[in-house]
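Peer 1: Give me coordinates for this.
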Amino acid sequence: MERSICLVLFLTLSCCVHVMEFLPYLEVINGGLWGYWGKEEYCDHGYAVGFMLKVEPYQGSGRQYDDTSLNGIRLQCSDNTFISSSVGEWGFWGESQTCPARHRLMSFSLQVETPQLLGDDTAANNIRFSCDDMQETQLEGNSHEWGRFGKWSTKCKLGICGMQTKVEPPQGFYDDTALNDVRFFCCI
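Peer 2: Numbering: from 1, shown residues only. Just a heads-up that it's a prediction; the model follows:
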């Protein structure tokens, strides 16, 4: 009896360690500095085929205006559900963009503005994804032009299935940035 319990416990622990050990994710090195990582979210069935962005419109120039730009990212899963992690409170959700013929999202590049010192910081501003279709289609979000796109992440072998965002909470009278960084989890 004890031997059976030990074997079941060993197999259970081996399974869990195996899953944690091989849960790869994609990240880039140019993410923003501020905020906290939100909850990991995954497609319940299938993989990510598209995305949509929550973007705050340009607020104007001058000290009294505070731009945050990119506030949220939603992934569209192959079963037509959407997932997102932490989301900033400003802006509006745009239209969904999908890979041709519902192919998989495979890698990404993040557009980030460097810290502005005494200016208005926005951190992450836009994102690009690559698809696994024959043309290796690239999808780009419709957001502001502040900052630069960094290098592409590596590619997931079986596509993207989950995500986690790093978002700065509201700063009151101080400078807000909202979404700063993101990582995507690969299907296994």
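Peer 1: Show the contacting residues for residue 87.
Peer 2: Residue 87 makes contact with 54, 71-72, 165, 167, 179, according to C-beta atoms under 8 Å, 6 or more residues apart in numbering. (C-beta placed from N, C-alpha, C; glycine too.)
Peer 1: from these, which is closest to residue 34?
Peer 2: Checking these against residue 34 with C-beta to C-beta, the nearest one is residue 167 at 8.8 Å.
Peer 1: Can you give me the neighbour number for the closest one?
Peer 2: A total of 27 residues lie near residue 167 under the criterion other C-beta atoms under 10 Å.
Peer 1: any idea of the pLDDT on the closest residue to it other than its chain neighbours?
Peer 2: Setting aside the residues directly before and after it, residue 167 is nearest to residue 86 in space (C-beta to C-beta, 6 or more residues apart in numbering), at 4.0 Å. Listed pLDDT for residue 86 reads 98.
Peer 1: And residue 42, by the same measure?
Peer 2: Per-residue confidence for residue 42 comes out at a pLDDT of 98.
Peer 1: do residue 8 as well
Peer 2: In the predicted model, residue 8 carries a pLDDT score of 38.
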